[in-house]
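Peer 1: All I have is the shape, not the residue letters:
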């Protein structure tokens, strides 16, 4: 260390302030890089295995055209927290890649599409390494709305009235109704627990956990959602045969195609 300092001192003497400034900039850059890496490492460690995240697919992916290694990106729909701190802000991008892609053609009994997520891109371009698989899939909001409108029109045409009754809170997939119900339940529990000692705390904790599991991460999916919703013919394998395989979507009736805007629940894994 002393020899290094002496070298910088001699260099500064012979080459002037310009060299000293370059050396200082180099040390500052190295320090900043080290701090960024340390921060990313801490954030990665803060996301426990099993943490769920809501996301929407940025661009469509089709098993007929995708190739192994192709990049897949999604947008996080709700901030991901750990110990009360935001680790991945809402709107961040998760980056993954295609692990397998098979078109349903002659000689193939089914089509398949494998996807694994590797990292999150945070503010200012900072990256957070992680491993996440797909826990649940649902049609994009546009497709879901069109399907709901078609169902309602069919019901009215058949004389059955609105397919969802008169209250928008009862419509499946509507965040407002579900959010209000969850909020009301949480408020009721809190008021009931006030002034009740002992085991009341456990009851509140249990109810809070239940509310968290049913809180919507996207317009149609909650943290407890699994499998495929509103996408006929598709099946999701949530148990990967290898760490590199990620999650695999299959279909024995059609080629696997995910529209841009497809909703997902991603689950963090330790590998």
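Peer 2: Cool, the structure landed. Since we're looking at a predicted model, the values are computed, not measured.

Peer 1: Which pLDDT value goes with residue 123?
Peer 2: If you check residue 123, the pLDDT there is 82.

Peer 1: hey, which helix or strand in the chain has the poorest pLDDT?
Peer 2: Least confident helix or strand of the chain, by mean pLDDT, DSSP states H and E, is helix 175-193 with a mean of 42.

Peer 1: Output the contacting helices and strands for whichever strand or helix holds residue 268.
Peer 2: Residue 268 is located in strand 263-269, with elements delineated by DSSP states H and E. Packing contacts for strand 263-269, counted by 3 or more C-beta pairs under 8 Å, 6 or more residues apart in numbering; DSSP states H and E, involve strand 52-57, strand 127-138. Where you see a C-beta, it was placed from the backbone N, CA and C, and this is true even at glycine.

Peer 1: Parallel or antiparallel, which strands does it pair with?
Peer 2: Sheet pairing of strand 263-269 (DSSP bridges) gives strand 52-57 (antiparallel), strand 127-138 (antiparallel).

Peer 1: a markdown table for the ones you listed, including mean neighbour count, mean pLDDT and distance to residue 244?
Peer 2: Formatted as a markdown table, those follow (neighbours: other C-beta atoms under 10 Å; pLDDT from 0 to 100; distance: least, C-beta to C-beta, whole Å):
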| stretch | mean neighbour count | mean pLDDT | distance to residue 244 |
| --- | --- | --- | --- |
| strand 52-57 | 23 | 97 | 20 |
| strand 127-138 | 22 | 95 | 10 |
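
Peer 1: export these to CSV and tack on distance to residue 71?
Peer 2: Below are those laid out as CSV (distance: least, C-beta to C-beta, whole Å):
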stretch, distance to residue 71
strand 52-57, 12
strand 127-138, 14
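
Peer 1: Which among the ones you listed is found nearest to residue 219?
Peer 2: Among the strands paired with strand 263-269, the nearest to residue 219 by C-beta to C-beta is strand 127-138 (8.3 Å).

Peer 1: Quick check: beta-bridge partners of residue 114?
Peer 2: Counting by DSSP bridges, residue 114 forms beta bridges with residue 100, residue 248.

Peer 1: sorry, back to before: which stretch among the strands paired with strand 263-269 comes nearest residue 261?
Peer 2: Here strand 52-57 is closest among the strands paired with strand 263-269 (C-beta to C-beta), at 5.5 Å.

Peer 1: Each with direction, which strands does the helix or strand that the closest one is followed by pair with?
Peer 2: The C-terminal neighbour of strand 52-57 among helices and strands, as given by DSSP H and E, is strand 61-62. Sheet pairing of strand 61-62 (DSSP bridges) gives strand 257-258 (antiparallel).

Peer 1: Averaged pLDDT, the partner strand. What do you get?
Peer 2: Rounded mean pLDDT across strand 257-258 is 97.

Peer 1: Near residue 48, how many other residues are there?
Peer 2: Residues within reach of residue 48, counting by other C-beta atoms under 10 Å, total 10.

Peer 1: isn't residue 114 right next to residue 245, touching?
Peer 2: Yes - under the criterion of C-beta atoms under 8 Å, residue 114 makes contact with residue 245 at 5.5 Å.

Peer 1: Cross-check the contact I'm expecting between residue 100 and residue 69.
Peer 2: No - the criterion here is C-beta under 8 Å, and residue 100 misses it with residue 69 at 10.5 Å.

Peer 1: who has more neighbours, these two?
Peer 2: The neighbour comparison of residue 100 against residue 69 (other C-beta under 10 Å) goes to residue 100, with 17 against 9.

Peer 1: Quick one: residues contacting the more buried one.
Peer 2: Contact partners of residue 100, counting by C-beta atoms under 8 Å, 6 or more residues apart in numbering, are 68, 112-114, 245, 248.

Peer 1: Where neighbours are concerned, which of those has the most?
Peer 2: Busiest of those [other C-beta under 10 Å] is residue 113, holding 27 neighbours.
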